[in-house]
Structures are given as C-alpha cells and as structure tokens.
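K.L.:
missing the sequence, but the structure's below:
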C-alpha cells in the first residue's frame, strides 16, 4: 500500500484506510441497490421489446462477423473491421477477472453462482445490443476511421453534452488509469511469483517493459490497436480454452455432477458457504456483469469504431462478445474449478482457487502456462482500456496536444501500477464505474426507441432477402446522425465519378 496508509499516531487507522472503507461501503450499496436492479430490469425490458433479439438473431451474429469492411474512394478500409472492433472490446472484457472473479464467485456462492452468471449474460445481451447499435448510429468520422460511444450518443441523441462530458470523465478515471494500473500490477506480481523472487528491481523492470510495449501500440492509433487485438485476443482465448478443455477432458466423468450442482445450487437446493439463496444469486449476477460489461457503457466505445453497412450489425456482434466472455471464457474457469475441487469448504478465493485447480490436475509446469495466460489477459485489458479512454478524450477535446498528453499519462499509469498498487484505487474506481454505468443506463433507456426502429429496419430488409444497408434518410426523424450519408459512403461501392465529386444520394 502507499506510504499514506501508515497509521496515524499509532492508533491503528489511517486516512487511506478510512477512505477505502468508506468507498467500499458506498460502492457495495450503490452496486447492490441501484446499478444491479436497474441493469437487470432494463435487460429484461430490452429482451421483451426486442423479441429476444439476443437469441432470435444468434445465427445472424455469426453471419455478419465475416462481413467485408467497406472502403473509401482510395480503396482503403474506412475504419477497422467488424471483427477487429469485436476484439478491441474483448481485449478489455476478457481479463484477469475471468480467472480471479469466477473463482471468488464460486468460493462464496458455490456452483449455483455459475447459473446466475449465465443468466446475467443472456439478459445483458439485449442491453449490449441496444448500446452498441446506438454507438454505431451516432458515431463520428475522423482521420483514423470512426469513433463513438455513450458520450457521443448522449450528446447527439439526447442533446445533453454535459451528461456526455460526465460519462467521458468517469470512464477515463476508471479504465485507462485505475483499471489499467491494477492490471499492470497483476502482471508484475504474477511474474514475481512465477520466478520466485521478491527483488525490489523486478517490478520496475516489468513495469518499464510493459509500459514500453503499451506505448509502442497506443501511439500507433486505432488501426495499430486493432491489428494487435485481432491477433492477441484469439491467441490468448485459444490457449486458455485448450488448457481448460484438457482438464475437463481428464475429468469428463465429473461433468454430469458439476452440471447437476450448478442447477441445484442456483436455487439453494445445495448448501454453500454463504448459505442464503440471495448470496448465490448476487455472486453470479455480479460476476456476470463485471466480466461481460453489458449495459455498463464501456464496450460501445469499441463497437462504434467498426465500418459496417448497418448499425444493427455491430450491435449483434457486440452481443456475441458478451457470450464469448461469459459462456466461453468464464465457463471454462468454472469447470476447471468444479471438476477439480468437488468440496469447496474452506476453498481459497480468487485466482488462487483457479491456480490450485490447474496445478493439481496438470502439475507445476501448468502454473507457468497459466502465468503466461494471465499476462496476455492483463496486457490485452490494458490495450482495450486505453482505447476506451482515447475515444472519450477526443470527445472532450480534439486538440492533438491533449491526446498526446493522455497517451503519456496512460503509459505512466501502467508503469506506476506495476511498481505500487493500493486497494483503495480499486474500490474507488469500482464505485466510479457504478456512477458511469447509471449515466449510460439512463441514456440507453431514453434512446431505446431509436434502437428498436433500427432493429425493425434491419429485420425488414433481411425478410426481403437483402444484406441490410442503412442510410439516415431511411429514418429522417432522427437528429444528430453524422455519418450514414448515402449507399455509396456506407457500402464503399463507389460509382465511376471524378475523385472530387460528391457521391450521389440514393
């Protein structure tokens, strides 16, 4: 902990400890009694109003994932591809929490927490669809491609810049600064544990190395970030899934037992450490929400970057990102733990539970493999978090000097987090993220009617056998839509006109 945590006058408390206790209490209250109920209620409402879009259009999610990226007049992709935008959001979503958070949820809530984690992912899929479709509709075109997110649709769709500024500031505090510094600290601690030393120079060495890697990527802009994430995310996910599948395969006879415990425990038919059914549900719901971020307003910042022919396409793909995070990555963690640890009594919490399960099954060497995976998870989160911040910095100011200063500070936060971390940073950022989530939830609730119009437009075109293309004159009542000017600009299928001629309206 930081030097400021030294106890005052030997009385056994400190200002930092007092702040942490206050923020932890406020954060728990805010998430439990405000964020979670609103998030669940809106998720259910969006599910019903959209006709269960997160299930009904599941095949469509896979179809549009491979869409070609529309090009500009010069033949260059207009922005990053739909898949690259998916990996940018996955880079932030899929982090150490998928290993540590699931372990904590199971240790406290038992196997039944996994069922509620799945439920939250399914319900949250509708919220993710709404927010990412809106982010696409109200996105902004710049020299590097597209950018957008909640701050943009709050200003353009609701006409409330102050609210967009509030959201942008809250996100910048949370993701690129606080959360990325904590991810960097996880990398430093993991490497120190793996090599078996607590030498004072090691965190500095790790921090400098990670900061340099981060700087090389983030100073390259959106396209370099997308190039890195579309290789890093599939690689780390495949590596972790292979490790998990080997363990599950070695214990395949345990799978029926595990499934039975998950469903029995979900409704309190199986005793767990926490005892009450409320503990089981809350642990699963919190884990699902913290991991897949559906409805919190973070992933739409990545979703807006894609060049697609209809806003709904990226809404569907970002919903697929929720499923990738929870049904795939979080679930493999759950099964690693549950097939390896039949009795959770007195089990460790967090990442220790997952590490213990892996090394028990595969031996000491697997601890090194898991350490590599933790590094990839944490580093990818740093890159994803950084981009969320960049999009919102440019919302606040488009001056080049401001962006450069932000990049320097973001890299410095990585170095600082590697060397020293304090739990008060986590608890404070957690509370601030709860405030950010409520701002976004209010916005998407007010703008959801626009998203439903987009969905009807999309499904009508699909019913006619078309590959949907959206232009803003199809819904002329909408205000604040900057792009989506014409069929040519949206699809990249330019007519043979002079380079200095404007594309014709459809």
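P.N.:
Sure thing, it's come through. Computed from a prediction, not measured in an experiment: that's the story for all the values here.

K.L.:
From what I see, residue 331 and residue 106 are in contact.
P.N.:
No: between residue 331 and residue 106 there is no contact under CB atoms under 8 Å: 11.6 Å. All C-beta atoms are positioned from the backbone trio N, CA, C, and that covers glycine.

K.L.:
Could you count how many residues lie near residue 112?
P.N.:
28 (other CB atoms under 10 Å).

K.L.:
How about it: what's its closest non-neighbour residue?
P.N.:
Nearest residue to residue 112 in three dimensions, chain neighbours excluded: residue 265, at 2.7 Å (CB to CB, 6 or more residues apart in numbering).

K.L.:
Pull up the per-residue confidence for the residue nearest the centre of the chain.
P.N.:
The centroid of the chain falls nearest to residue 93 when counting by CA atoms, centre = their mean (2.9 Å). On the pLDDT scale, residue 93 is placed at 78.

K.L.:
Who are the contact partners of the nearest residue to it once chain neighbours are set aside?
P.N.:
Take residue 93 and drop its neighbours on the chain: the residue closest to it by CB to CB, 6+ apart is residue 325, 4.6 Å away. By CB atoms under 8 Å, 6 or more residues apart in numbering, the contact set of residue 325 is 90, 93, 94, 98, 121, 291, 292.

K.L.:
Need the residues you listed in TSV (columns: secondary structure).
P.N.:
Formatted as TSV, the contacts of residue 325 follow (DSSP: H, G, I helix; E, B strand; the rest coil):
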residue	secondary structure
90	helix
93	helix
94	coil
98	helix
121	helix
291	helix
292	helix
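
K.L.:
So which of those wins on neighbours?
P.N.:
Of all those, the highest neighbour tally under other CB under 10 Å goes to residue 292, namely 31 neighbours.

K.L.:
Next one: that one relative to residue 244, how far apart?
P.N.:
18 Å (CB to CB, to the nearest Å).

K.L.:
again, but for residue 160
P.N.:
Between residue 160 and residue 244 the computed distance is 44 Å (CB to CB).

K.L.:
okay, the two: which has more neighbours?
P.N.:
residue 244 (22 against 15).

K.L.:
any idea which element that one lies in?
P.N.:
Using DSSP states H and E, the element containing residue 244 is helix 221-250.

K.L.:
Next SSE downstream of that helix?
P.N.:
helix 255-266.

K.L.:
ok, residue 263 touching residue 114?
P.N.:
No: the pair residue 263 / residue 114 is not scored as a contact, 9.3 Å apart, by CB under 8 Å.

K.L.:
Residue 395: neighbouring residues, count only.
P.N.:
For residue 395, using other CB under 10 Å, the count is 25.

K.L.:
I'd guessed it sits against residue 163; true?
P.N.:
No: using CB under 8 Å, residue 395 makes no contact with residue 163, being 11.9 Å away.

K.L.:
can you list residues touching both of those two?
P.N.:
Contacts common to residue 395 and residue 163, judged by CB under 8 Å, 6+ apart, are residue 155.

K.L.:
ok, which stretches of the stretch 51-200 of the chain are strands?
P.N.:
All strands of the stretch 51-200 of the chain, identified by DSSP state E, counting those that start in this stretch, fall at 140-142, 145-147.

K.L.:
Which strands or helices does the last one pack on?
P.N.:
Judged by 3 or more CB pairs under 8 Å, 6 or more residues apart in numbering; DSSP states H and E, strand 145-147 is in contact with helix 221-250, helix 365-396.

K.L.:
ok so, going back, dump the residue contacts of the residue nearest to the centre of the chain.
P.N.:
Residues in contact with residue 93 (CB under 8 Å, 6+ apart) are 291, 292, 293, 299, 321, 325, 384.

K.L.:
Would you mind giving these as CSV with pLDDT added?
P.N.:
Below are those laid out as CSV (pLDDT from 0 to 100):
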residue, pLDDT
291, 75
292, 79
293, 82
299, 90
321, 90
325, 87
384, 85
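
K.L.:
Name the nearest of the residues you listed relative to residue 58.
P.N.:
residue 321 (13.2 Å; CB to CB).

K.L.:
ok, the closest one - how many residues close by?
P.N.:
Residue 321: 28 neighbours (other CB under 10 Å).

K.L.:
For it, give its distance to residue 141.
P.N.:
Residue 321 is 23 Å from residue 141, by CB to CB.

K.L.:
Check residue 209 too.
P.N.:
Distance of residue 209 to residue 141, computed by CB to CB: 36 Å.

K.L.:
Same check on residue 307?
P.N.:
Distance of residue 307 to residue 141, computed by CB to CB: 10 Å.

K.L.:
pLDDT weak spots in the stretch 251-400 of the chain?
P.N.:
For the stretch 251-400 of the chain, applying pLDDT under 70 flags the ranges 268-279, 344-350.

K.L.:
One more pass at 90, please.
P.N.:
254, 258, 261-296, 324-326, 328-330, 333, 336-337, 339-387, 398, 400 (pLDDT under 90).

K.L.:
Same check on the stretch 51-200 of the chain?
P.N.:
65-114, 116-117, 120, 142-145, 174-200.

K.L.:
Can you show me the helices along it?
P.N.:
53-56, 58-65, 82-93, 97-109, 112-137, 150-158, 161-172, 180-195 (DSSP state H, counting those that start in this stretch).

K.L.:
can you tell which of those is closest to residue 27?
P.N.:
helix 161-172 (13.6 Å).

K.L.:
what's in contact with that closest one?
P.N.:
Applying CB under 8 Å, 6+ apart, the external contacts of helix 161-172 come out as 150-152, 154-155, 297-298, 301, 388-389, 392-393, 395-396, 406, 432-433, 435-436, 439-440, 443.

K.L.:
Give me the angle between that helix and helix 150-158.
P.N.:
160 degrees (axes from the mean of the first three to the mean of the last three CA atoms, to 10 degrees).

K.L.:
mind checking how far residue 208 is from residue 228?
P.N.:
According to CB to CB, residue 208 and residue 228 sit 19 Å apart.

K.L.:
okay, these two: which has more neighbours?
P.N.:
Neighbour count, other CB under 10 Å: between residue 208 and residue 228, residue 228 has more, with 22 against 14.

K.L.:
Give me the neighbour count for the closest residue to that one other than its chain neighbours.
P.N.:
Nearest in space to residue 228, with sequence neighbours left out and distances taken as CB to CB, 6+ apart, is residue 217 at 5.4 Å. Here the number of neighbours of residue 217 (other CB under 10 Å) works out to 21.

K.L.:
measure residue 217 to residue 380 for me?
P.N.:
Distance, residue 217 to residue 380, by CB to CB: 11 Å.

K.L.:
ok so, going back, for residue 263 and residue 114, indicate the residue with more neighbours.
P.N.:
Comparing residue 263 with residue 114 by other CB under 10 Å, the one with more neighbours is residue 114, at 33 against 15.
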